[in-house]
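J.: predicted model follows, preceded by the sequence.
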Amino acid sequence: MLETVRWKRMNGTDLLPGKLRIIDQTKLPKELVFLELDEIGEIVAAIKRLSVRGAPAIGCAAALGLAATAQHIETDSAERFIAEVETLAEKLAASRPTAVNLFWALNRSLSHLIRCDISDVSELKRELLREALAILEEDIGMCRAIGEHGENLIAENAGILTHCNAGALATGDFGTALSPMYAAHEQGRVFTVYSDETRPLLQGSRLTAWELNRAGIDVVTICDNMAAQVMKEGKIDLVMVGSDRIAANGDAANKIGTYGLAVLAKHHGIPFYVAAPTSTIDASLAHGGLIPIEIRDPAEVGAAEGVRVYNPAFDVTPNGLISGIITENGLHRPPYHFH
Ligand code: MRU
């Protein structure tokens, strides 16, 4: 499996010193290159420009990135150390607004640091890293569990439509929406995945199609505006996508274009599934209208000079269009009530 987010030891067997190691996804599919980072500015920039992306991967990268940067804090005071870690966490939290896993992972790391009540700073640095590694480990387990809960939705010769990338490149392991596909493939089932190109940054054609093809899964790239026609031709049996944040009522934010697919799926009588870990559920938000939507740089969208561009990176699919939400705990059917 691709190791999208990992910890790189710099000194043989010891965990510290070390660096956050990520695949630079801006270079895919042309080149598979890794970045090793331990400086706050470069980690924030890597998340912003989508070198590391996808909700669970962002969470893992933020936790490991926090540990990588905190190892350089020079103080003997535990109080001072924690205050500086909080400042680093605030900088990481300001990188992207929609995927809740970022805030979830940073809060979890900070709470652990405070809860462990240790006065030795070098031990605190290790604790921060241990918690980040636990987040990564759990993410790997979560991917496998989603695969097991979702693979039986994929029948032999099924056509599956997916959008953006919710695969190995978006998580610590198999992915969320792509995990049931990997699991079904492992069992020898044959099916075809239609991967939306995903304008404007092409996560579908650059990342999803690349990783599925690499794994030997039959994948076809289509442009975003072809989904209705492909559904009408009877090629799609189910839609499976990931999510960046799910509200308490099951409304789910995902890459821009997902909502439109859900409307199309409903029209054509095709089941529409969302796969995401419980770390993506934000039960503090009653409904999806409260999910912050990232607006990205107009330069990402090709436009004639002088023409204004609107570039929201996500949209929210209302719960009524979602046939099921697959988490590591199983398949949830509507009505959704997450706490
Ligand atoms: O802007 P991106 O590439 O980070 O958006 C990613 C998505 O929308 C994914 O579908 C989502 O994060 C789920 S990843 C398992």
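T.: That came through fine.
J.: burial count for the residue in the chain that the ligand sits nearest to?
T.: Nearest residue of the chain to the ligand: residue 242, at 2.8 Å (CB to the nearest ligand atom). (C-beta placed from N, C-alpha, C; glycine too.) Around residue 242 there are 31 other residues, counting by other CB atoms under 10 Å.
J.: do the same with residue 145
T.: Neighbour count of residue 145, defined by other CB under 10 Å: 17.
J.: again with residue 52
T.: 28.
J.: grab the nearest non-local neighbour of the residue of the chain closest to the ligand.
T.: Once flanking residues are discounted, residue 242 sits nearest to residue 166: 2.7 Å by CB to CB, 6 or more residues apart in numbering.
J.: can you pull the residues of the stretch 201-339 of the chain lying near the ligand?
T.: Proximity of the stretch 201-339 of the chain to the ligand is confined to 203, 242-244, 254-255, 313 under the rule CB under 6 Å from any ligand atom.
J.: the stretch 201-339 of the chain: helices as residue ranges?
T.: 203, 209-214, 227-232, 258-268 (DSSP state H, counting those that start in this stretch).
J.: C-alpha coordinates for the longest one, CSV please?
T.: Extracted as CSV, the C-alpha positions of helix 258-268 are listed here (Å, rounded to 0.1, in the frame of the first residue of the first chain):
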residue,chain,number,x,y,z
THR,A,258,-20.5,15.5,-5.0
TYR,A,259,-23.9,17.1,-4.3
GLY,A,260,-24.7,17.2,-8.0
LEU,A,261,-23.8,13.5,-8.3
ALA,A,262,-26.2,12.7,-5.4
VAL,A,263,-29.0,14.6,-7.2
LEU,A,264,-28.3,12.7,-10.4
ALA,A,265,-28.1,9.3,-8.5
LYS,A,266,-31.5,10.0,-7.0
HIS,A,267,-33.0,10.8,-10.4
HIS,A,268,-31.6,7.6,-11.8
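J.: what helices and strands are in contact with that helix?
T.: helix 227-232, strand 238-241, strand 272-275, strand 314-317 (3 or more CB pairs under 8 Å, 6 or more residues apart in numbering; DSSP states H and E).
J.: can you put these in CSV and add mean pLDDT?
T.: Below are these laid out as CSV (pLDDT from 0 to 100):
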stretch, mean pLDDT
helix 227-232, 98
strand 238-241, 98
strand 272-275, 98
strand 314-317, 99
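J.: in CSV: the ones you listed, plus mean neighbour count.
T.: What follows is the helices and strands packed on helix 258-268, written out as CSV (neighbours: other CB atoms under 10 Å):
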stretch, mean neighbour count
helix 227-232, 16
strand 238-241, 25
strand 272-275, 26
strand 314-317, 23
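J.: torsion angles phi and psi at residue 116?
T.: Taking degrees, to the nearest 10, you get phi -70, psi -10 for the backbone angles of residue 116.
J.: show me what contacts it?
T.: 124, 127 (CB atoms under 8 Å, 6 or more residues apart in numbering).
J.: can you list the domains in this structure?
T.: 5-144, 151-332 (automatic domain parsing).
J.: distance from the chain centre to the longest one, please.
T.: Which is domain 151-332. How far domain 151-332 lies from its chain's middle: 11 Å, per CA atoms, centre = their mean, to the nearest Å.
J.: so where's the chain uncertain?
T.: Nowhere does the chain drop to pLDDT under 70.
J.: report the buried residues of the top helix by length along the chain.
T.: In terms of residue count, the longest helix belonging to the chain (DSSP state H) is helix 121-150. Residues of helix 121-150 classed as buried: 121, 124-129, 131-133, 135-136, 138-139, 142-143, 145-147, 149-150 (neighbour count, 16 or more other CB atoms under 10 Å).
J.: and the biggest strand by length in the chain, which strands flank it?
T.: Secondary structure of the chain per DSSP state E: the longest strand is strand 14-23. If you go by DSSP bridges, strand 14-23 pairs up with strand 5-11 (antiparallel), strand 34-37 (antiparallel).
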